[in-house]
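In: I would like the atomic coordinates for the input below:
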Amino acid sequence: MSLKDAARKIIVDDMFRPLHIRGEWKILVVDTLGKKIISTCLKMKDMLDNGITLIEDLSKARQPLTYLDAVYFVRPNQENIGHIKKDFGEVREYSGRLYKNAHLFFTEIIPDEMLKDIAKSDIAPFVQTVKELNLAFLPIEERVFSLDNPAAYNEYYGGKMTDKRLDEIAEQLVTVCATLDESPCPKVRTCNSNLDCVKKLATKVQAKLEKYKDADILTANNKSQLIILDRGFDPISPFLHELTFQSMAYDLLSAVAASSKIDPVKNTYTFDSTKDSSLDDNKKEIILDTSNEVWRELRHHHISTVLQIVNQKTNALMDKYANLRGSGGGDPNSMLDMKSMINKMPKYKREEANLNSFIKLAEDCMTAYNSGTVERAVKLEQDMSTGFDSTGKPIGERFVKACVPVFVPQNNGPLFTHYQKLRVLILYVLNKKGLGKHLTKETLLKLIERAEIKKEEKAVNNMIDLGIDIFGTSEIQDRREPPRKERDTSGVFETSRWTPVVMDIMEAVVHEKNLDTSHYPFFHAESQNDGDIDVVGKTSLMRGHGKKQQVMGGRATGPKLIIFVMGSISYSEMRCAHQVSETQTTRNGWEVIIGSDNILTPERYLDNLIKLKD
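Out: Numbering: from 1, shown residues only. Here you go, the predicted structure:
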């Protein structure tokens, strides 16, 4: 069972199914997070099958439906409780209520004082159910989650994080563990201990895990591991163009013409299908979701192999069509065989249209790659990030000359965009640091001036707040990062030589079983009873997630490695979790889960970095 399936099971089995009576309908009322969780895990058919006829937004005005019960799925905060009270007339300007009864389901633990407030209010007689699902995150993919906190990056690294917000984030992260029924031992990265919020978050997470175990929500299982990383652990991967299908599509097609566009929020691809005879309308939209078997298979392949695989699938589908037409069996004059053929044709037409959609997506990726300066930027990025050219020769200071055409076009050469220039400049800065030769501010200003990216200058300077000492002026330079794992690059695409740092961490835990504890020690909070840690154990309202071993990917699994990156993760880092997990062929092999506050493309990551202190 995947992470998404586990979340779906909680929603259906613990919220909908106990309330469902055949022939009776209910209204589902959600807040922003609740709506996103529902839309991520279920389809409208699932809602109808479980007796939900309508989904309403808690914060918006709604029509009274006093003959129907309302199922609320919301976060436990004062604003939401206030809206619920209004729905049942306590503070309405007129008497009456919107719904017959209320069934309250909360994404996480509801504080005692809030629960008492509900019990003493006028809505108490209408409240039939109060339950905590401990599900306060978005299961994006089988092994990927998001806490849906877009502002967290600025809060962590811009010095704006409050203790209350950190507590909310810790609670959300612990609900991921609860969904998996895992109580892992937290680890933190020691190389960037100047970020105080890393230790604070780990302290709160550990305390909440203990409370969940005391309340019998979690089993006392410490075989799994939770590693909390600040974004400075790998400053390179978020900037790079990656040419695996999912990463490339989201990077290159999320900011192009409306005729071909990826929406990274809705995870949709919209394209013009006028040249495709198998698709009727001019505009088509497909959802890039793991429920689509073709997307699930293709998303982590290098773009050069994607079209080959799709063409193979198309040829196989054509063979099926040939069989349906009678060339491989069945009597074309038989009414029974003809009826069978007619019944099957729509399915194959859908499969053909689906394959054609991904052919179009791959073609759009290649068009964006071959036009303009992307191809040249990709090769330059690989040399800078690895420190070697495609032949394995160290580039040393040669990359300075390679950067010049990017910043100042030569002989009417191609014009790099501001974002491309900024990506190259940041990699230049990081490469200098990697060579042990820090930049001077004067040199950096000259480069920025030549590149004509004065407005984006803040992105480079703000990297200091990620714990990256680009000028070599602070004590950070005395901290040593763990050495990179040596990899055989023979047979690796020239444009894909860089490996995200998180892959090293995953493989050290899962394969080598030797993650360096001096860099990633188990975290032990000095106190688990801080007064500012707002955790309440109430077994009467808590739900247990069961003591049976969770099943993911169709097999019983062993321990989980849960990696949480504070702020954001990239699509390339998501890929790593899938690839390392899929190498585990035994029933008790490790399962890798990765998540963050947000998932960002390189351009959106740069936007965050530019606006860090705004």
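
In: for Cys403, what are its contacts?
Out: Leu380, Val424, Leu425, Tyr428, Leu447 (C-beta atoms under 8 Å, 6 or more residues apart in numbering). In this view, the C-beta of every residue, glycine as well, is placed from N, C-alpha and C.

In: Strands along the stretch 151-300 of the chain, start to end?
Out: Secondary structure of the stretch 151-300 of the chain by DSSP state E, counting those that start in this stretch: the strands cover 185-188, 225-230, 260-263, 268-272, 283-287.

In: Around Ser291, how many other residues sit close by?
Out: 9 (other C-beta atoms under 10 Å).

In: What of Pro521?
Out: 13.

In: And it, how far from Ala170?
Out: 19 Å (C-beta to C-beta, to the nearest Å).

In: Same question for Asn315.
Out: Taking C-beta to C-beta, one finds Asn315 at 51 Å from Ala170.

In: do the same with Met47
Out: 31 Å.

In: shouldn't Leu58 be in contact with Asn80?
Out: Yes - Leu58 lies in contact with Asn80 (C-beta atoms under 8 Å); the separation is 6.3 Å.

In: Of the strands of the stretch 151-300 of the chain, which is nearest Phe106?
Out: strand 225-230 (23.0 Å; C-beta to C-beta).

In: Show me what that closest one is in contact with.
Out: 156, 173, 177, 184-189, 192, 195, 198, 201-202, 205, 466-467, 502, 505, 509, 520, 523, 559-567.

In: Please name the strands paired to it in the sheet, noting orientation.
Out: Strand pairing for strand 225-230, using DSSP bridges, gives strand 185-188 (parallel), strand 560-566 (parallel).

In: follow-up on the earlier one: among the contacts of strand 225-230, name the buried ones.
Out: 156, 173, 177, 184, 186-189, 192, 195, 198, 201-202, 205, 466-467, 502, 505, 509, 520, 523, 559-567 (16 or more other C-beta atoms under 10 Å).

In: which residues in the stretch 201-350 of the chain form helices?
Out: Taking DSSP state H, counting those that start in this stretch, the helices of the stretch 201-350 of the chain run over residues 245-252, 293-298, 303-324, 335-370.

In: Kindly report the same for the stretch 451-600 of the chain.
Out: Under DSSP H, counting those that start in this stretch, the stretch 451-600 of the chain gives helices at 457-461, 501-510, 571-582.

In: These: which one's closest to Leu609?
Out: helix 457-461 (4.4 Å).

In: Buried residues, the closest one. List them.
Out: Glu457, Ala459, Val460, Asn461.

In: what's the closest of the contacts of Cys403 to His302?
Out: Leu380 (18.7 Å).

In: which element is the closest one on?
Out: Using DSSP states H and E, Leu380 maps to helix 374-386.

In: tell me what that helix is packed against?
Out: helix 335-370, helix 398-407, helix 418-434 (3 or more C-beta pairs under 8 Å, 6 or more residues apart in numbering; DSSP states H and E).

In: before we move on, back to that, who has more neighbours, Asn315 and Ala170?
Out: The neighbour comparison of Asn315 against Ala170 (other C-beta under 10 Å) goes to Ala170, with 24 against 9.

In: and the residue nearest to that one when sequence neighbours are not counted, how many neighbours does it have?
Out: Nearest residue to Ala170, sequence neighbours excluded (C-beta to C-beta, 6 or more residues apart in numbering): Lys204, at 3.7 Å. Residues within reach of Lys204, counting by other C-beta under 10 Å, total 27.

In: So Lys204 versus Lys164, what's the distance?
Out: 11 Å.

In: And for Glu182?
Out: 26 Å.

In: Dihedrals phi and psi, the nearest residue to Asp148 once chain neighbours are set aside?
Out: Once flanking residues are discounted, Asp148 sits nearest to Leu138: 5.3 Å by C-beta to C-beta, 6+ apart. Note on Leu138: backbone dihedrals following degrees, to the nearest 10 are phi -100, psi 120.

In: Please give me every residue in contact with Leu138.
Out: Counting by C-beta under 8 Å, 6+ apart, Leu138 has contacts Lys36, Ile37, Thr40, Phe145, Ser146, Leu147, Asp148.

In: partners of it in the sheet?
Out: Bridge pairing for Leu138 - DSSP bridges - gives Ser146.

In: Poorly predicted segments of the stretch 201-350 of the chain, please.
Out: Low-confidence segments of the stretch 201-350 of the chain, defined by pLDDT under 70, span residues 220-222, 255-260, 274-281, 321-345.

In: Report the buried residues of stretch 351-371.
Out: 351-362, 364-366, 368-369.

In: let me fix that: stretch 371-378
Out: Thr373, Val374, Glu375, Arg376, Ala377, Val378.

In: again with stretch 214-228
Out: Buried residues in stretch 214-228 (16+ other C-beta under 10 Å): Ala215, Ile217, Leu218, Thr219, Ser224, Gln225, Leu226, Ile227, Ile228.

In: Of all pairs in these, which one is the farthest apart?
Out: The farthest-apart pair in the buried residues of stretch 214-228, when distances are taken by C-beta to C-beta, is Ala215 and Ile227, at 24.6 Å.
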